[in-house]
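# Sequence and predicted structure, then a few things I'm wondering about:
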Amino acid sequence: MIFFGLLAAAGNILGGFIIARTGAASHKGMIRLVAVGAGFMLSAVLLEALPRILEGNPDNWSFSLLCLLGGYLLIQIAEHAVAPHFHFGEEVHVDEVLRKGVATTAILALTIHAVFDGVAIASGIFSSLRLGVFLSLAVLIHKIPEGFTVASIVMSSGKGIGAARRATLVIALATFAGIVLVALFRPLLAYTLPLSAGVTLYVAASDLIPEVNREGGPQASLLVLAGVGLYYLVHVILHAAI
């Protein structure tokens, strides 16, 4: 679990380092990574996490689905009510970000999101090693674009490279905070697993897919299918290994 947390945190830092080092990244390359991540995350939530959630609470599956919906709506509120100018990817609306408090609220929204990334990793691993691997990979794939987003927001707000790197470090630490919270309150796994699945579903369907549709074109859309194929490949490997 700590290993996957370290990988996720490293992804955040790497994404921040890319934009802080160059001032821009290969936009097409980032969109391709986002597309593959979206396909993998959708598959992991719908084909791995959701069946596990329903099996774990067969007598009250409606409550489990309510928790999943709650996780989805929590990030909707965090990203579009707390931080109404937030969007996933490179920040290009500099005038909006320069407005007082906009960058801060966007970072706050991403911090909440990152905490639930950690919750997803820990909840999956405590539920089953197989599910933990899938959810950890799903988190890991989108961590580089997430770190890129954080650094982009900070630098677009007029702050320097050092501030951008510190912001990505905060997001990385927030991921570990989510892992620690689940470890401390493990009896709440019946709540944390569907909540984190809802968050992951939101990131895939409402953050990443719209970014792919807006920026990527037909090739990136096909890469969403490649992400589903990557899920199947991991599924086959884990089925043979576990």
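Nice, thanks for sending it over.
# Quick one: the strands in this structure, in order.
Assigned by DSSP state E, the strands in the chain number zero.
# shaky segments in it?
Where the chain drops to pLDDT under 70, the residues are 1, 15-27, 82-103, 216, 242.
# close enough to count as contact, residue 4 and residue 124?
No: the pair residue 4 and residue 124 does not pass the contact test of Cβ atoms under 8 Å, sitting 9.0 Å apart. (Glycine included, C-beta is placed from N, CA and C.)
# between the two, what contacts are shared?
Taking Cβ atoms under 8 Å, 6 or more residues apart in numbering as the criterion, residue 4 and residue 124 both touch 132, 136.
# If you count surrounding residues, which of those two has more?
residue 124 (33 against 22; other Cβ atoms under 10 Å).
# looking at it, the more buried one is touching residue 56, isn't it?
No: taking contacts as Cβ under 8 Å, residue 124 lies outside contact range of residue 56: 11.9 Å.
# shared neighbours of these two, which are they?
residue 193.
# Spatially nearest residue to residue 176, not counting backbone neighbours?
Using Cβ to Cβ, 6 or more residues apart in numbering and skipping the chain neighbours, the partner closest in space to residue 176 is residue 5 (5.4 Å).
# residues in contact with the one you found?
By Cβ under 8 Å, 6+ apart, the contact set of residue 5 is 118, 121, 175, 176, 179.
# I'd like the distance between residue 37 and residue 200.
Relative to residue 200, residue 37 is positioned 11 Å away (Cβ to Cβ, to the nearest Å).
# what sits in contact with each of the two?
Counting by Cβ under 8 Å, 6+ apart, the common neighbours of residue 37 and residue 200 are residue 138.
# who does the longest helix along the chain touch, helix- and strand-wise?
Among the segments of the chain that qualify as a helix by DSSP state H, the longest is helix 129-156. Judged by 3 or more Cβ pairs under 8 Å, 6 or more residues apart in numbering; DSSP states H and E, helix 129-156 is in contact with helix 2-22, helix 27-44, helix 94-97, helix 102-127, helix 161-184, helix 189-202, helix 217-241.
# which of the residues in that helix are buried?
By neighbour count with 16 or more other Cβ atoms under 10 Å, helix 129-156 contains the buried residues 130-156.
# Centre of this structure to the edge, which residue is at the far end?
residue 59 (29.8 Å; Cα atoms, centre = their mean).
# any idea how far residue 125 is from it?
From residue 59 to residue 125 the distance is 24 Å (Cβ to Cβ).
# cool, and residue 133?
Plainly put, residue 133 is 8 Å away from residue 125 if you go by Cβ to Cβ.
# now residue 41
To residue 125, residue 41 is 17 Å away according to Cβ to Cβ.
# what about the two, which has more around it?
Here residue 41 and residue 125 are compared on neighbour count by other Cβ under 10 Å; more neighbours surround residue 41, at 30 against 21.
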